[in-house]
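**Q** next one to model:
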Amino acid sequence: MRNLAQRAADAAKTTDDLIGETAKHIEVGNSQIQDTLTKFYDMGESAKKVNSLVGEIASASQEQAREIDLINRAVGDMDRVVQQNAASAEESASASQELTAQSHQMTNIVDELRAMVAGEANGVHRERNGGGNLKERLASVRQAIGFPGRGKNLLEHRQSPGVPPEGIIHPEEG
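**A** Numbers count the residues shown, from 1 in each chain. Below you'll find the predicted structure:
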């Protein structure tokens, strides 16, 4: 019986040791589960932060896209204005050349008129630019300046009712 008691005591001790080791393994397992849960929670929080950052980046990218679109529109508007300015400059240059040509033509017409008036005052008919009689020359001048009284005698329109005699330019005053 002693032997049986000894075996029972050894079995009890072995059982106690096994229970102690099992308790230690359970504690280690419980600690590992807690660490795993904490790490899963931290990963979930990190995923939320990453998701939030991705949302902010997407929002900032959309804002940048809108601003780039506005810049593109502004550049397009500036391009149109520059092209309009270039076209206006070309038109102005063309108009300037036309005015210069008309000014030279008007100077020639005034010189011709002075010559006609001076020639008529002296009783002389001058032949200029292919000449012709006075009526033909007056008709060509009338046509060149677009005189409003076509078909009427140019000399009838020398003094308009609104211009006093001292306001008329005489050839000798030049």
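**Q** just name the shakiest helix or strand of the chain by mean pLDDT.
**A** Ranking every helix and strand in the chain by mean pLDDT, DSSP states H and E puts helix 134-145 at the bottom, with a mean of 70.
**Q** average pLDDT across the host helix or strand of Y41?
**A** Element membership for Y41 (DSSP states H and E) is helix 2-121. Averaged across helix 2-121, the pLDDT comes to 93.
**Q** how far does that helix sit from its chain's centre?
**A** 23 Å (Cα atoms, centre = their mean, to the nearest Å).
**Q** which elements pack onto it?
**A** Packing partners of helix 2-121 (3 or more Cβ pairs under 8 Å, 6 or more residues apart in numbering; DSSP states H and E): helix 134-145. Heads up, the C-betas are built off the backbone N, CA and C, glycines and all.
**Q** what's near enough to touch D17?
**A** Counting by Cβ atoms under 8 Å, 6 or more residues apart in numbering, D17 makes contact with nothing.
**Q** distance check, M116 against R66.
**A** M116 sits 73 Å away from R66, going by Cβ to Cβ, to the nearest Å.
**Q** who's more crowded, the two?
**A** Shown here are M116 and R66; by other Cβ atoms under 10 Å, M116 has more neighbours (19 against 10).
**Q** residues near I19, how many?
**A** Burial of I19 is recorded as 10 neighbouring residues (other Cβ under 10 Å).
**Q** I misspoke; the intended subject was L53.
**A** Neighbours around L53, by other Cβ under 10 Å: 10.
**Q** do the same with the one 4 residues further on
**A** Residues within reach of I57, counting by other Cβ under 10 Å, total 10.
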